[in-house]
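1. Using only what follows, build the 3D model:
(2 chains)
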Number of protein chains: 2
Amino acid sequence: MSEPYELTATEAIQLIRKKELSIFEWVSSCLKRIKKKENQVKAWIYLDEENALKKSKELDDNNKPDLLGIPFGIKDIIDASNLPTGFGTPFYKNNIPLRDAASVAMAKQSGCVLIGKTVSTELGHRAPGLTTNPHNKEYTPGGSSSGSAAAVSAMMVPVCFGTQTTGSVIRPAAYCGVIGYKPTYGDFDKSGILPNSPSIDTLGLISRSIEDLSLFRSILLEERYVKPEKINLKKLRIGFVRTPHWDKTDKSTQSKLEKFIETLRLDKFNITDLNIDPLITKADQLHIDISGYEFKRSISYERFNHFNQLSDILRNGRLNDGYQVTNASYKEATKKVNILKNDIDSVFDNFDLLVTPSAPGEALKGLEYTGSALFNTTWSLSGNPCVTLPLFRGKQNLPIGCQLVTKFGNDDQLLNYAKSMFELS
Amino acid sequence: MSEPYELTATEAIQLIRKKELSIFEWVSSCLKRIKKKENQVKAWIYLDEENALKKSKELDDNNKPDLLGIPFGIKDIIDASNLPTGFGTPFYKNNIPLRDAASVAMAKQSGCVLIGKTVSTELGHRAPGLTTNPHNKEYTPGGSSSGSAAAVSAMMVPVCFGTQTTGSVIRPAAYCGVIGYKPTYGDFDKSGILPNSPSIDTLGLISRSIEDLSLFRSILLEERYVKPEKINLKKLRIGFVRTPHWDKTDKSTQSKLEKFIETLRLDKFNITDLNIDPLITKADQLHIDISGYEFKRSISYERFNHFNQLSDILRNGRLNDGYQVTNASYKEATKKVNILKNDIDSVFDNFDLLVTPSAPGEALKGLEYTGSALFNTTWSLSGNPCVTLPLFRGKQNLPIGCQLVTKFGNDDQLLNYAKSMFELS
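-> Next comes the predicted model:
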């Protein structure tokens, strides 16, 4: 048998139900794995080992099969009761909320075992923490959900929570070679999560299996788990979207994706080269104004009270974007976003699934820059659900993701499509 | 000269600039007023007297006229750094956030002096605190921004922050005979405010003057203060909206409003009896599903960990509503809300201003029930800006509000209309 830490959540749960694995063994195995890898990966800002072990023993003793025992981590802009929430900054070390974020409370209620808080970039923006890419420690794991992607990639836990305002779930998941899922805007509750740009911010999941995503989706919606189905992808109308950023994309990403699409076409998949460049260009522009304005406001306390402790990246980045936007122009931009959302919705009158890069290439060398969100901005702003699948490897032998996007609200189908696509490869 | 506590913020600021009043005198006068009245009104859950006095002295010493020195209070679901946020419950007494809500940070940055936290109903829902109506202590002040409305009404502070998900700013302001303002959804930032139903929740203001509302609006948008203008209301296309709830409205409210409208008509105001009952009925129904579903999720930590400490009102009220709604039906409801918003927007193609009751009557006797939000639900759900003006008195000699509603995003005009209407009376 493989080590428990290697298992996906749905695999481990089956073994637990067959009494071939205990929750304590599973959690202990993950904690051992963390000990082994953390020195290099630096995925965690806070580990709650003692409580995790205690909780897992209790769950075994209670022997209630509905309580799932899944070890999981959460990005450090998400509150957990009685653990520090640092927001990826040095100045919130003593911030210890009394309540769990709603999503964390739901996971705990399902018997999931919180292992700790994963490294976030500063206030969920761009300035990185210390996390490295588990595939090569010289490379960025991506951000802002850096620790969450790295922890899942390094098999420290099967599932982590991240959040996305631009590309903060999809990009790090792609860079770390795992599966990332940003659900439809509004699907998962955000109470107890630090707002960045509230009209865009989305709680997402990072895992190594589509089943695990479906399982956690059911936990966070408090609905019955429905195993994702393998469907016949040849019946789908698929759009291959290179976007206006194709030229800025690494050659190996281009060729891997082109070849993949070509293979599918030869296999009689119904794939159209789809140009929606005007929509994407419009989204890129609007995202700057909307996220800038909202971010500047959300972090008002920090800019007034900790300005000198904020990074230049933040001050010259989204915060500065925000200072350029008046309330009147924000409102104008908001109206345009509503029109854009309708236009994007219309794209899905003719397509079931869009395939597009997850990022412009493999992870970048160095830890200073978490990478570009060029391929994520549109879907973050529009709120459409996306999944990144680790389908390829680039010339540096690092993972390359393939992003799948569906219609707003079509998450269950998206997970079916993703499962079917993942099992093709 | 009247006592400083009686002044509106804009009046006091003028005196301070003319050196006829110091910020310390103003704040001290408010604190004395609180001491005198609090025993009966019970508007405050936490007073920060010492820091307020210290801060006001510092402001006087600094002598920077841009720092306004306005004493203000905030509803106890809004965070202020290093003060307890109890969320209107007994079990968050030790909850002391380290960061201000963004709105509080902005007000402090403008030199406003936080006096303390005002009583909220339980988690911003319906179960009341101890606050009484300053006009008659046997009567409810309304809720959920109970303490904020009562504190302004009792002249303890010129301005308080409240929040509205159903009728929680407009109704208590109307019951307490002061001015309430719920801005366009999304206009004021909500970081650091307990979510109730995030797609509806709106930070609002309670004051005794329209100028004060405009001033605080400028503070919370970080834009230049523009004094509201008196305009010629006769040029407006006004709709008088009785709503499908007119029959459930107290006779004195009916007759006061009818007479008011009749007087305006005789004075050649352009007023149409406007029936938008189908829109209001649809909004009432959708609000139950949306607010129920979102509230149930927002307070996940509390329902899993403090269920037995929650009131029956909450458990059998919005929480129970939430349990009836699946994710699929929530999404259906969300789509219908988007259509409804467009339909409501179209109403304003033909009308500049709607006039409608703020509540179905005067405040109710007893403190158990904070009153009905029948006249507020539609505008909370649609996100349109509203103001309640204390224009009338009922047969119990308690205040009756008149609600003004304008097009989404038309807040500056709304404040002009409200000023002009208030000065008519």
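
2. per-residue confidence for residue A:63?
-> For residue A:63, the pLDDT comes out at 88.

3. Residue A:425 too?
-> Residue A:425 is given a pLDDT of 68.

4. now residue A:359
-> 98.

5. quick one: it and residue A:375 touch, right?
-> Yes - using CB atoms under 8 Å, residue A:359 is in contact with residue A:375, at 6.0 Å. To be clear about C-beta, it is placed using only N, CA and C from the backbone, and glycine gets the same treatment.

6. joint contacts of these two?
-> A:167, A:170 (CB atoms under 8 Å, 6 or more residues apart in numbering or on different chains).

7. which non-adjacent residue is nearest residue A:34?
-> residue A:156 (4.6 Å; CB to CB, 6 or more residues apart in numbering or on different chains).

8. Relative to chain B, how far out is that neighbour?
-> Distance, residue A:156 to chain B, using CB to the nearest CB, to the nearest Å: 25 Å.

9. Count the neighbours of that residue for me.
-> Close neighbours of residue A:156, defined as other CB atoms under 10 Å in any protein chain shown, add up to 30.

10. mind checking which helix or strand it is in?
-> Using DSSP states H and E, residue A:156 is not contained in any helix or strand.

11. Ok, residue A:400 next?
-> strand A:399-405.

12. helices or strands up against that strand?
-> helix A:170-175, helix A:251-266, strand A:353-357, strand A:386-393, helix A:411-424 (3 or more CB pairs under 8 Å, 6 or more residues apart in numbering or on different chains; DSSP states H and E).

13. quick one, which of these is nearest to chain B?
-> Distance to chain B, taken as CB to the nearest CB, is lowest for helix A:411-424 among the helices and strands packed on strand A:399-405, at 9.3 Å.

14. centre of the chain versus that closest one, how much separation?
-> Mean-position distance between helix A:411-424 and its chain equals 16 Å (CA atoms, centre = their mean, to the nearest Å).

15. Could you report the neighbour count for the closest residue to chain B within the stretch 301-425 of chain A?
-> When scored by CB to the nearest CB, the stretch 301-425 of chain A has residue A:301 as its residue closest to chain B, at 4.1 Å. Using other CB under 10 Å, residue A:301 has 25 other residues around it.

16. That one contacts residue B:81, doesn't it?
-> Yes - with contact defined as CB under 8 Å, residue A:301 counts as touching residue B:81 (7.0 Å).

17. For the stretch 151-300 of chain A, which segments count as helices?
-> Assignment of helices within the stretch 151-300 of chain A using DSSP state H, counting those that start in this stretch yields the ranges A:170-175, A:210-221, A:251-266, A:277-298, A:300-305.

18. okay if I get those as CSV plus mean pLDDT?
-> Below are the helices of the stretch 151-300 of chain A laid out as CSV (pLDDT from 0 to 100):
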stretch, mean pLDDT
helix A:170-175, 98
helix A:210-221, 98
helix A:251-266, 97
helix A:277-298, 98
helix A:300-305, 98
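
19. Quick check: residue A:227 touching residue A:213?
-> No - in this structure, residue A:227 is not within contact of residue A:213 by CB under 8 Å, at 11.4 Å.

20. Tell me which of those two has more neighbours.
-> residue A:213 (29 against 14).

21. Skip the chain neighbours and tell me the closest residue to residue A:112.
-> Using CB to CB, 6+ apart, the nearest residue to residue A:112 is residue A:70, at 4.5 Å.

22. nearest spatial neighbour of residue A:319, skipping sequence neighbours?
-> Residue A:319 sits nearest to residue A:296 (CB to CB, 6+ apart), 5.7 Å away.

23. and what of residue A:291?
-> Per CB to CB, 6+ apart, closest to residue A:291 is residue A:197, 4.1 Å.

24. Ranking the helices and strands packed on strand A:399-405 by mean neighbour count, which comes first?
-> Most buried of the helices and strands packed on strand A:399-405 by mean neighbour count (mean count of other CB atoms under 10 Å in any protein chain shown) is helix A:170-175; its value is a mean of 36.

25. And it, what does it pack against?
-> Other elements packing on helix A:170-175 under the criterion 3+ CB pairs under 8 Å, 6+ apart are helix A:146-153, strand A:159-164, strand A:179-182, strand A:202-207, strand A:386-393, strand A:399-405.

26. Chain B contacts on the stretch 51-200 of chain A?
-> A:81, A:92, A:94-95, A:97-106, A:108-109, A:186-187, A:189-192, A:194-195, A:198-199 (CB under 8 Å from any CB of the partner chain).

27. and residue A:336, how many residues sit next to it?
-> Residues contacting residue A:336 under the criterion other CB under 10 Å number 16.

28. picking that back up, can you work out which residues contact both of residue A:301 and residue B:81?
-> B:99, B:100.

29. Any regions of chain A where pLDDT drops low?
-> For chain A, residues meeting the criterion pLDDT under 70 lie at A:1, A:425.

30. rerun at 90
-> A:1-2, A:63, A:65-66, A:424-425 (pLDDT under 90).

31. Any buried residues in the top helix by length along it, and which?
-> Using DSSP state H to assign secondary structure, the helix with the most residues in chain A is helix A:327-350. Of all the residues in helix A:327-350, those buried under the rule 16 or more other CB atoms under 10 Å in any protein chain shown are A:327, A:330, A:331, A:333, A:334, A:336, A:337, A:340, A:341, A:344, A:347, A:348.

32. Residues of the stretch 251-400 of chain A that sit close to chain B?
-> A:294, A:297-302, A:304-305, A:326-327, A:331, A:334.

33. Let's see that with 6 Å instead.
-> Counting by CB under 6 Å from any CB of the partner chain, the residues of the stretch 251-400 of chain A close to chain B are A:297, A:298, A:300, A:301, A:304, A:327, A:331.

34. can you name the farthest residue from the center of chain A?
-> residue A:61 (33.1 Å; CA atoms, centre = their mean).

35. just how off-centre is stretch A:323-337 within its chain?
-> With CA atoms, centre = their mean as the basis, stretch A:323-337 stands 27 Å off its chain's centre.

36. still on that earlier bit, show me the contacts for the residue of the stretch 301-425 of chain A closest to chain B.
-> By CB atoms under 6 Å, 6 or more residues apart in numbering or on different chains, residue A:301 lies in contact with B:99, B:100, B:105.

37. distance of it from residue B:14?
-> Going from residue A:301 to residue B:14 by CB to CB, to the nearest Å gives 30 Å.

38. Which residue, other than its chain neighbours, is closest to the residue nearest the centre of chain A?
-> The residue lying closest to the centre of chain A (CA atoms, centre = their mean) is residue A:169, at 2.4 Å. In this structure, residue A:169 finds its nearest non-sequential neighbour in residue A:204, 3.6 Å apart by CB to CB, 6+ apart.

39. Count residues in the vicinity of that neighbour, would you?
-> 26.

40. That one reaches residue A:165, doesn't it?
-> No - using CB atoms under 6 Å, residue A:204 is not in contact with residue A:165; the gap is 10.6 Å.

41. since we're on the nearest residue to residue A:225 once chain neighbours are set aside, how many residues are nearby?
-> Leaving aside its sequence neighbours, residue A:225 sits nearest to residue A:218 (CB to CB, 6+ apart; 4.0 Å). Neighbours of residue A:218 under the rule other CB under 10 Å: 17.

42. If you count contacts, what does the longest helix of chain A end up packed against?
-> Counting contacts by 3 or more CB pairs under 6 Å, 6 or more residues apart in numbering or on different chains; DSSP states H and E, helix A:327-350 packs against helix A:277-298.

43. hang on, isn't the residue nearest to the centre of chain A packed against residue A:178?
-> No - if you go by CB under 6 Å, residue A:169 and residue A:178 don't touch, sitting 10.5 Å apart.

44. The stretch 1-150 of chain A: helices as residue ranges?
-> Using DSSP H, counting those that start in this stretch, helices in the stretch 1-150 of chain A cover A:9-17, A:23-41, A:49-62, A:102-109, A:146-153.

45. among the ones you listed, which is nearest residue A:415?
-> Closest of the helices of the stretch 1-150 of chain A to residue A:415 is helix A:9-17, at 12.6 Å (criterion: CB to CB).

46. still on that earlier bit, tell me the most buried of the helices of the stretch 1-150 of chain A?
-> helix A:146-153 (a mean of 34).
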